[in-house]
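1. When you get a sec, could you give me coordinates for this:
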Amino acid sequence: NASGFKLRTQSLTSVVVGGIALAAADDDPGAEAAENTSFTLADDETAAMKAPDGPADRLLLYFNQSLRGLAPGATVDFRGVVIGAVKSIGIEFDKTGRDFRMPVLIEVYPDRLRRASNDAAPAESSADQRKRIQFLIGKGLRAQLRTGNLLTGQMYVALDFFPKAPAAKLVAGKADDLVELPTLPNGLDELQTQVSEIVAKINKVPFEQLSTDLRTTLATLNGTLASTEQLVKKLHTDTAPEITSAIQDLRTTLATANATLGSAGRTLSDDAPLQQDLRQTLREVNRAAASVKVLTDYLEQHPESLLRGKPEDKK
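-> The predicted structure is shown next:
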């Protein structure tokens, strides 16, 4: 079972022939049994020697996972303390959800969870039992399948409180004394499910298309880089000298313009030779104009002089 392998037998004759072993607990030998006393036949010595369990709570669990490794008789524990056992395992079709569900019937003995006092638990009705279980469910009580033995793969049912578990309500079973306790998936099963979902998503990724697109992108990038490199080289070899020559010509032109402006400035200054020559020429022109005016006045007064010439001066 989930606790491991254990073998303890009676004599070889008892094993071959068969028989029933009777024994008394070491700490409670009890009184001598009277004639015609009835004894409860236990499955094994451990079950026969344990203290009475009192009334049991019958709980119905539904799991949506494989029940491989879980068998009737598997333990039901609460934080490591065995408080019950699995009674039966089945399978049923849910018409509402149109799916198969795996019902597991367990019996839990509340008296195994000892109270602070050793007083016996008072008898309670089915309604009180449901209120108690509903209160525990509200606190996060859930059932979960766990692995008890990694070597054999045996499973057991663990009851524990999960404060962050989704809210759930008590569901009454078909029988009056049967209630349904919510369950949670096993952590390993959740991990397996998550891994399966991740693998499914990875399988949907079009790696071949991405690889082709990546190759195309890399080829385009390589072409762009090559073109850029050629452009840079061309700019360095062709355009740069032209720009340098243009700048040099511009500098020469500016120097010539500056020289021309300087010459013009010197030419237009008052003490420049050109200005002096211009003034002398203007004076000569003025004198010539005056002479022409005198000649014009004379011709107006003596027009015959054009035919005869100028008369000689009388002595």
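2. Number of residues surrounding residue 75?
-> 20 (other CB atoms under 10 Å). No exception for glycine: its C-beta is placed from N, CA and C like everyone else's.
3. And the pLDDT for it?
-> Among the per-residue scores, residue 75 shows a pLDDT of 91.
4. Can you pull the poorly scored residue ranges out of the stretch 51-200 of the chain?
-> 51-53, 114-126, 168-177, 187-197, 199 (pLDDT under 70).
5. Quick one: the helices in it, in order.
-> Under the criterion DSSP state H, counting those that start in this stretch, the stretch 51-200 of the chain contains helices at 126-138, 187-204.
6. same for the first one, what does it pack against?
-> Going back to what we said before, that points to helix 126-138. Packing partners of helix 126-138 (3 or more CB pairs under 8 Å, 6 or more residues apart in numbering; DSSP states H and E): strand 57-63, strand 178-180.
7. Pull up the pairing partners for the last one, direction included.
-> By that I understand strand 178-180. Strand 178-180 has these partner strands in its sheet, going by DSSP bridges: strand 57-63 (parallel), strand 171-172 (antiparallel).
8. In TSV: these, plus mean neighbour count.
-> Formatted as TSV, the strands paired with strand 178-180 follow (neighbours: other CB atoms under 10 Å):
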stretch	mean neighbour count
strand 57-63	19
strand 171-172	13
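9. JSON lines please, covering these and showing distance to residue 165.
-> Output for the strands paired with strand 178-180, formatted as JSON lines (distance: least, CB to CB, whole Å):
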{"stretch": "strand 57-63", "distance to residue 165": "14"}
{"stretch": "strand 171-172", "distance to residue 165": "15"}
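10. residue ranges for the strands of the stretch 1-150 of the chain, please.
-> Counting by DSSP state E, counting those that start in this stretch, one finds strands in the stretch 1-150 of the chain at the ranges 57-63, 75-78, 81-89, 92-94, 99-108, 141-149.
11. Can you give the strand pairings for the fifth one, parallel or anti for each?
-> Just to be clear, that refers to strand 99-108. For strand 99-108, pairing defined by DSSP bridges yields strand 57-63 (antiparallel), strand 81-89 (antiparallel), strand 92-94 (antiparallel).
12. quick one: which of these is nearest residue 220?
-> Nearest of these to residue 220, taken as CB to CB: strand 57-63 at 54.9 Å.
13. Could you find the closest non-adjacent residue to residue 183?
-> Among residues not flanking residue 183 along the chain, residue 143 sits closest, at 4.7 Å (CB to CB, 6 or more residues apart in numbering).
14. mind listing what that neighbour touches?
-> Neighbour list for residue 143: 59, 61, 106, 157-159, 181-184 [criterion: CB atoms under 8 Å, 6 or more residues apart in numbering].
15. between those residues, which is nearest residue 72?
-> Closest to residue 72 out of the contacts of residue 143 is residue 106 (9.9 Å), distances taken as CB to CB.
16. ok, that closest one - how many residues close by?
-> For residue 106, using other CB under 10 Å, the count is 25.
17. Check residue 131 too.
-> Neighbours of residue 131 under the rule other CB under 10 Å: 13.
18. Roughly how far does it sit from residue 106?
-> Residue 131 is 20 Å from residue 106, where distance means CB to CB, to the nearest Å.
19. re earlier: just put the helices and strands packed on helix 126-138 in TSV and tack on distance to residue 86.
-> Output for those, formatted as TSV (distance: least, CB to CB, whole Å):
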stretch	distance to residue 86
strand 57-63	9
strand 178-180	15
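20. So which of those is nearest residue 36?
-> strand 57-63 (32.0 Å).
21. The closest one versus strand 141-149: what angle between them?
-> Interaxial angle of strand 57-63 relative to strand 141-149 (axes from the mean of the first three to the mean of the last three CA atoms, to 10 degrees): 70 degrees.
22. if we look at strand 57-63, which residues are touching it?
-> Under CB under 8 Å, 6+ apart, the answer for strand 57-63 is 84, 87, 101-110, 129, 133, 143, 145, 157, 173, 175, 177-181, 183.
23. And for residue 68, nearest residue in space, chain neighbours not counted?
-> residue 153 (7.1 Å).
24. so how far is residue 180 from that neighbour?
-> With CB to CB as the criterion, residue 153 and residue 180 are 27 Å apart.
25. And those two? Which one has more around it.
-> residue 180 (19 against 12).
26. From residue 73, how far off is the more buried one?
-> Counting by CB to CB, the separation of residue 180 from residue 73 is 21 Å.
27. Kindly report the same for residue 54.
-> The gap separating residue 54 from residue 73 is 20 Å, by CB to CB.
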